[in-house]
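In: Coordinates for the following, if possible.
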Amino acid sequence: MKSLEEAPLHSTLGRWMIQHREELEAMFRQGKPDWTAMAEHFGKAGLRDEAEHKPTAGSAERTWRVVQASGAVPSSAVTPKWRGYPAEQRKPRVGA
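Out: As a prediction, this is how the structure comes out:
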């Protein structure tokens with residue numbers, strides 16, 4: 001059973017925020033987020049908060065804070081472990 005603190009990470013909104021974390025961080029460095037507008041956009045895009053509802057400003061901001069505190073990174077940012085492979089085999093083949 002997931003803890004209440006981690007619940008936002010498992011919502012569609014939380015997973016989306018994790019996948020777009022770098023973009024969101026860059027945008028938020030430009031200025032304070034308009035959580036009301038963002039929540040409306042997220043809801044129209046079909047994303048849901050941890051209660052499976054359309055996000056509100058509060059749930060969107062709370063989800064973001066949990067994502068930040070968790071240290072979660074997009075799955076594409078996770079690099080494979082290459083231990084035990086010769087250096088020439090560590091590079092993925094393109095077109096193979």
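In: Any chance you could list what contacts the helix ranked longest in the chain?
Out: As assigned by DSSP state H, the longest helix anywhere in the chain is helix 57-70. For helix 57-70, contacts defined as Cβ atoms under 8 Å, 6 or more residues apart in numbering pick out 5-6, 8-9, 11, 13-14, 17-18, 21, 24, 33, 35-36, 38-39, 42, 49-51, 53, 55. All C-beta atoms are positioned from the backbone trio N, CA, C, and that covers glycine.
In: Filter these down to the buried ones and hand me the ChimeraX line.
Out: A single ChimeraX command suffices to select whichever of those are buried according to 16 or more other Cβ atoms under 10 Å:
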select :8,9,11,13,14,17,18,21,24,33,35,38,39,42,49,50,55
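In: ok so, going back, can you pull the buried residues of the longest helix of the chain?
Out: S59, A60, E61, R62, T63, W64, V66, V67.
In: Now that helix: average pLDDT?
Out: Taken as a whole, helix 57-70 has a mean pLDDT of 94.
In: Low-confidence ranges, this protein, go.
Out: The model of the chain has pLDDT under 70 over residues 1-8, 75-96.
In: Strands of that one, start to end?
Out: With DSSP state E, there are no strands along the chain.
In: Helices along this protein, start to end?
Out: 7-10, 12-19, 21-30, 35-44, 57-70.
In: okay, the longest helix of the chain in PDB with CA atoms only?
Out: Extracted C-alpha coordinates of helix 57-70, given in PDB (Å, rounded to 0.1, in the frame of the first residue of the first chain):
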ATOM      1  CA  ALA A  57      -4.700  24.700  -7.900                       C
ATOM      2  CA  GLY A  58      -4.000  23.200  -4.500                       C
ATOM      3  CA  SER A  59      -3.600  19.600  -5.700                       C
ATOM      4  CA  ALA A  60      -1.400  20.600  -8.600                       C
ATOM      5  CA  GLU A  61       0.900  22.600  -6.400                       C
ATOM      6  CA  ARG A  62       0.900  19.800  -3.700                       C
ATOM      7  CA  THR A  63       1.700  17.200  -6.400                       C
ATOM      8  CA  TRP A  64       4.600  19.400  -7.700                       C
ATOM      9  CA  ARG A  65       6.000  19.700  -4.200                       C
ATOM     10  CA  VAL A  66       5.900  16.000  -3.600                       C
ATOM     11  CA  VAL A  67       7.600  15.400  -7.000                       C
ATOM     12  CA  GLN A  68      10.400  17.900  -6.100                       C
ATOM     13  CA  ALA A  69      10.800  16.400  -2.600                       C
ATOM     14  CA  SER A  70      10.900  12.800  -3.900                       C
END
